[in-house]
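Trainee: based on what follows, work out the 3D shape:
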Amino acid sequence: MSGKAEQADGDLTGITISYLLNGYAILKVPETRMEEVSAWTEIEYLEKPKRLFFAVNEGRRVSCVNSLQVGGLGLTDSITGSALFGRGILAAVIDSGIDYAHPDFRHEDGTTRIVNLWDQTLDRIFDSDEINEALAQPSEQMRYEIVPSRDISGHGTHVAGICAGNGRASGGLYRGMAPEASLLIVKMGTADPDGFPRTTELMLAVDYVLRRAKELGRPVAVNISFGNNYGSHRGNSLVESYLSEVSSYWKSAIVTGTENEGASKIHAAGSFFSEHLGNGASQYATDSSSRMPQQAGEILQGQTDAVIEFSVGEYEPTLNLQLWKSYEDQFEIYIRHPDGTVYGPLEKTIRTQRYSTDGTELLIYYGEPSPYSSDQEIYFDLIPIGEYVTPGIWELILRPVRIIDGQYDLWLPGQAVLSAGTGFLFPSVDNTITIPATAQKVISVAAYDAAFDSYASFSGRGGDSCFFPLKPDLCAPGVNIISCAPGGGYSSKSGTSMAAPFVTGASALLMEWGILQGKDPYLYGEKIKAYLRRGAKRMPGFSVYPNSQVGYGALCVRDSLSDGAGGLQLYSR
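Mentor: Numbering: from 1, shown residues only. Next up, the predicted model:
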């Protein structure tokens, strides 16, 4: 509950309230007054006992949805005549900013559709009055003197156009999914030099848009079209846990793309059991009393060693690598330099270790489990002594001591920031979804090519292991998508960054239908994800759903609001 029910305008006669921690409460309400009480503004969510929920509300949830079809600017119900435009819903885009002067983000009278624009790089929040004042100026220079926020890369403008552009600059041709939604924009700030990449800025941005949406009393669909590889990808890092927690705050849906690492060389994985034992053993130990000589030929003599090879291309200014494993597993780690020299075994101490090699300094950090995760990270930083990291084939050699779990995963930074020759020699395409799309309760979106009705090979993939969350949730168009560009025109871009706002806009339409039109007042959060999954279409080439490439299938808003949609054959893993 968002406030004390004793302060509500409603009549409390016959109602008893028991307050619990963290805003929860138990209400005993006469059945005849349930509809009245559920409409109180102090109540964010009210759930009846399960027996009553299915008996009373299931029919309402699916009423007047079978006849939904595409028409006009939105989805038109041929029975009620209502249409879905995203009207009354906030579309929040956390990205590189926005060209707020673009016609597609303005009303017919030229005023802005943006409620607030928080530019983290300027540490300023601009409201609609300030933006309208800027838009009224006779020159661009004068406009940017009032609201100096710009989208330099054009990424955020493109994403916002897919999600909620109204197509004014194209006569409606390139309108977005929710063309009448109001926009709430956050331009991401630069990463804190002492922090991990952008996670602090992201968490602040999500906190802001959710709080602002609640202040305005309007449902919000949040779009996050970026990610990184820092973490175990198991949904239990701080930012992943945070997003899963706040996804239950207010009437919201948080959508994120799986990023574009599906065909890259940034992930490697293995298991000591599957690769070296093959007998299903759950535990074994090796004699580690003798230390291996610092000779390349001898260190590979042990048949149970795992060797991970990665190439460093020319002119790589710096490189980091993460190894994630179960804390219970114990193995020695050696590093082979391209010149054949082997360093190790590394000390298993929770501190930074330094090794100076020919041309490159190695910094290694052994992490600890956290209160939220039993995984252990071992972090490797390759820092050039001169200008560039030593190019060539490097190796990590893992020598088991006592193995219980056996699984290990390694990630490099995103391929886009690496030189062409850098990557694992034997990469794994599984578990290439980036963080935060791995957060359990966000809606994770892969990309497909709508022109050929085929999976986009670059789209980040989930895994088939029980160690990782079941992702992605679904896919959406992400190849050659035309949308808004800074300057008032349009451009074509590809990526899961383009697929995610299709689903964000779809979430806005579902919330308009459910919450604002009264078809389902609790249609947000995990419930939106369930609707989207249920209505997702099968795609050619896939027989098992959900799967690691397209999840439950391709986005289909009509079927997500139709009774009996789906028909997917589900397999539990």
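
Trainee: buried sites along the longest strand along the chain?
Mentor: Longest among the strand segments of the chain by residue count, using DSSP state E, is strand 392-403. Using 16 or more other CB atoms under 10 Å as the test for burial, strand 392-403 gives 394-401, 403. In this view, the C-beta of every residue, glycine as well, is placed from N, C-alpha and C.

Trainee: just the helices from the stretch 401-550 of the chain, written as ranges.
Mentor: Along the stretch 401-550 of the chain, counting by DSSP state H, counting those that start in this stretch, helices occupy 496-511, 526-535.

Trainee: list the helices and strands the shortest one packs on?
Mentor: Under the contact criterion of 3 or more CB pairs under 8 Å, 6 or more residues apart in numbering; DSSP states H and E, the helices and strands touching helix 526-535 comprise strand 443-449, helix 496-511, helix 557-560.

Trainee: try it again with 7 Å
Mentor: Secondary-structure packing of helix 526-535 (3 or more CB pairs under 7 Å, 6 or more residues apart in numbering; DSSP states H and E): helix 496-511, helix 557-560.

Trainee: what of the longest one?
Mentor: When contacts are defined as 3+ CB pairs under 7 Å, 6+ apart, helix 496-511 sits against strand 90-95, helix 155-164, strand 220-224, strand 252-257, strand 443-449, strand 474-477, helix 526-535, helix 557-560.

Trainee: in a markdown table: these, plus mean pLDDT.
Mentor: Converted to a markdown table, these look like this (pLDDT from 0 to 100):
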| stretch | mean pLDDT |
| --- | --- |
| strand 90-95 | 96 |
| helix 155-164 | 95 |
| strand 220-224 | 97 |
| strand 252-257 | 96 |
| strand 443-449 | 95 |
| strand 474-477 | 94 |
| helix 526-535 | 95 |
| helix 557-560 | 88 |
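
Trainee: below-threshold pLDDT in the stretch 101-250 of the chain: ranges please.
Mentor: For the stretch 101-250 of the chain, the stretches flagged by pLDDT under 70 are 191-198.

Trainee: that older thread, what's the most buried one of the helices of the stretch 401-550 of the chain?
Mentor: Most buried of those, by mean neighbour count (mean count of other CB atoms under 10 Å): helix 496-511, with a mean of 31.

Trainee: check the offset of that one from the chain's centre.
Mentor: Once both centres are worked out by CA atoms, centre = their mean, to the nearest Å, helix 496-511 turns out to sit 12 Å from its chain's centre.

Trainee: what's the answer for stretch 216-225, then?
Mentor: With CA atoms, centre = their mean, you get 14 Å for stretch 216-225.

Trainee: so that it lines up with my notes, have the first residue be 577 from now on.
Mentor: Sure thing, new numbering starts at 577, so read that last one as stretch 792-801.

Trainee: quote the end-to-end distance of it.
Mentor: Stretch 792-801 stretches 24 Å from its first residue to its last (CA to CA, to the nearest Å).

Trainee: now it: buried residues?
Mentor: 794-801.

Trainee: next one: stretch 828-840
Mentor: 828-838, 840.

Trainee: find the nearest non-adjacent residue to residue 1109, please.
Mentor: Spatial nearest neighbour of residue 1109, excluding adjacent residues (CB to CB, 6 or more residues apart in numbering): residue 1128 at 4.2 Å.

Trainee: could you list the low-pLDDT ranges of the stretch 927-1076 of the chain?
Mentor: 1040-1044.

Trainee: can you give me the helices in the stretch 577-726 of the chain?
Mentor: If you assign secondary structure with DSSP H, counting those that start in this stretch, the helices in the stretch 577-726 of the chain sit at 610-614, 626-632, 634-637, 704-711, 716-722.

Trainee: nope, the stretch 777-926 of the chain is what I meant
Mentor: Counting by DSSP H, counting those that start in this stretch, the stretch 777-926 of the chain has helices at residues 814-822, 848, 872-875.

Trainee: which one of the ones you listed lies nearest to residue 683?
Mentor: Of all the helices of the stretch 777-926 of the chain, helix 814-822 sits nearest to residue 683, with 30.7 Å by CB to CB.

Trainee: now do that closest one: which elements does it pack against?
Mentor: Short answer (3+ CB pairs under 7 Å, 6+ apart): helix 814-822 packs on helix 775-792.

Trainee: which residues sit against the helix it packs on?
Mentor: 666, 668, 670, 692, 694, 696, 760, 762, 764-765, 767-768, 796, 798, 815, 818-819, 822, 825-826, 828 (CB atoms under 7 Å, 6 or more residues apart in numbering).

Trainee: for the residue minimising distance to the centre of the chain, give me its contacts.
Mentor: By CA atoms, centre = their mean, the chain has its centre lying nearest to residue 1013, at 2.7 Å. The contact partners of residue 1013, by CB under 7 Å, 6+ apart, come to 803, 832-835, 1020, 1036, 1047.

Trainee: ok, residue 898 next?
Mentor: Per CB under 7 Å, 6+ apart, neighbours of residue 898: 953, 955, 986-987.

Trainee: please identify, among these, the one with the most neighbours.
Mentor: The residue in those with the most neighbours, by other CB atoms under 10 Å, is residue 987 (26 neighbours).
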